[in-house]
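A.B. asks: All I have is the shape, not the residue letters:
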């Protein structure tokens, strides 16, 4: 399942659920809202769509961004934008599967339900929800779950690192009546990204892995690598098709569990594009006033 070409985005259109692909979403002004049974997964899906659009179709400036908000991409523009990234966003790529590591060693398989935050992994942890409430999921829900776990949630536990944003981050996004426009409203143009250190070409963690014990600083992490940061080593385990226990979609390939292994590294500082304390400095810079960066946010400092 490839996030750039296959239909995985869950939308409710005229009271009917259907998955659509990224091209259908960005290249036409169709009605329809994201439709998942869990609010956190729905928000994570929107974040994932914004992140994909940000790195694949970064507008040059505010004028270009306004055009993008008003006018859907052409098919040619879309195909050009995804051309160099197909292998990075394939959930089952033999070498670089989306947000995963090939060859993960684990003593036992972790149920896929562990990716759905708040649901118990075993019946000794069950309270409001039962063990096995979600047994198998489609590729779309698996991808959203991995992204949500890596960006918005605490780590898997001792021996595992959490997200760049901390263990309980707050997410704020701009809303819009149309899903396509909502995505573009939350994209930054290249002219704004320059204030965060520019558009340095970089590769995601699953393509250029973090080394065990490596010490990293926020200013060393580029836009794509940071938006799709994966602090854990996991590998999904596919099985035959059927209905997804989360969204209900009938698919040819599902996932019932994953392997995970403990992996540690050291991270210092903050990654600027998601640091709220940076906003005051950014406002002053927009006024052509150039105060120094706030001390906690200076690249390379603890």
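C.D. replies: The structure has been received and is ready for your questions. In this text the structure is predicted, and so the values were computed from the model without any measurement.
A.B. asks: Find me the pLDDT at residue 191, would you?
C.D. replies: Per-residue confidence at residue 191 stands at 83 (pLDDT).
A.B. asks: Same question for the one 5 residues further on.
C.D. replies: At residue 196 the predicted local confidence, pLDDT, stands at 61.
A.B. asks: which residues does the residue nearest to residue 82 when sequence neighbours are not counted contact?
C.D. replies: What sits nearest to residue 82 in space, not counting adjacent residues and going by C-beta to C-beta, 6 or more residues apart in numbering, is residue 4, at 4.5 Å. C-beta here means a position set from N, CA and C on the backbone, and glycine is covered the same way. By C-beta atoms under 8 Å, 6 or more residues apart in numbering, the contact set of residue 4 is 22, 52, 56, 82, 85, 86, 89.
A.B. asks: Out of those, which end up buried?
C.D. replies: 22, 52, 56, 82, 85, 89 (16 or more other C-beta atoms under 10 Å).
A.B. asks: So the third one is in contact with residue 83, correct?
C.D. replies: No: look at residue 56 against residue 83 with C-beta atoms under 8 Å: they stay out of range, at 9.6 Å.
A.B. asks: what about residue 39, neighbour count?
C.D. replies: 8 (other C-beta atoms under 10 Å).
A.B. asks: Residue 268 now?
C.D. replies: Neighbours around residue 268, by other C-beta under 10 Å: 14.
A.B. asks: ok, the residue nearest to residue 82 to residue 89 distance?
C.D. replies: 5 Å (C-beta to C-beta, to the nearest Å).
A.B. asks: Find residues that contact each of the two.
C.D. replies: residue 52.
A.B. asks: circling back: in a markdown table: the contacts of residue 4, plus pLDDT, secondary structure and distance to residue 263.
C.D. replies: Compiled in a markdown table, these are given as follows (pLDDT from 0 to 100; DSSP: H, G, I helix; E, B strand; the rest coil; distance: C-beta to C-beta, whole Å):
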| residue | pLDDT | secondary structure | distance to residue 263 |
| --- | --- | --- | --- |
| 22 | 97 | helix | 30 |
| 52 | 96 | helix | 25 |
| 56 | 95 | helix | 28 |
| 82 | 96 | helix | 30 |
| 85 | 95 | coil | 25 |
| 86 | 94 | helix | 27 |
| 89 | 97 | helix | 22 |
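A.B. asks: quick revisit: among the buried ones among the contacts of residue 4, give me the pair with the biggest separation.
C.D. replies: 22 and 85 (11.0 Å; C-beta to C-beta).
A.B. asks: can I assume residue 18 sits in a helix?
C.D. replies: No: looking at residue 18 with DSSP: H, G, I helix; E, B strand; the rest coil, it is strand, so not inside a helix.
A.B. asks: which stretches of the stretch 151-300 of the chain have low pLDDT?
C.D. replies: 195-201, 272-300 (pLDDT under 70).
A.B. asks: could you pull out the strands for it?
C.D. replies: Per DSSP state E, counting those that start in this stretch, the stretch 151-300 of the chain has strands spanning 215-217, 233-243, 250-261, 266-268. These are given in chain order.
A.B. asks: so of the ones you listed, which one's packed in deepest?
C.D. replies: strand 250-261 (a mean of 19; mean count of other C-beta atoms under 10 Å).
A.B. asks: on contacts alone, who are the packing partners of that strand?
C.D. replies: Of the remaining helices and strands, those touching strand 250-261 by 3 or more C-beta pairs under 8 Å, 6 or more residues apart in numbering; DSSP states H and E are strand 110-111, strand 137-138, helix 139-152, strand 233-243.
A.B. asks: Distance to residue 226 added to these, as a markdown table?
C.D. replies: Shown next, in a markdown table, are the helices and strands packed on strand 250-261 (distance: least, C-beta to C-beta, whole Å):
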| stretch | distance to residue 226 |
| --- | --- |
| strand 110-111 | 26 |
| strand 137-138 | 26 |
| helix 139-152 | 10 |
| strand 233-243 | 18 |
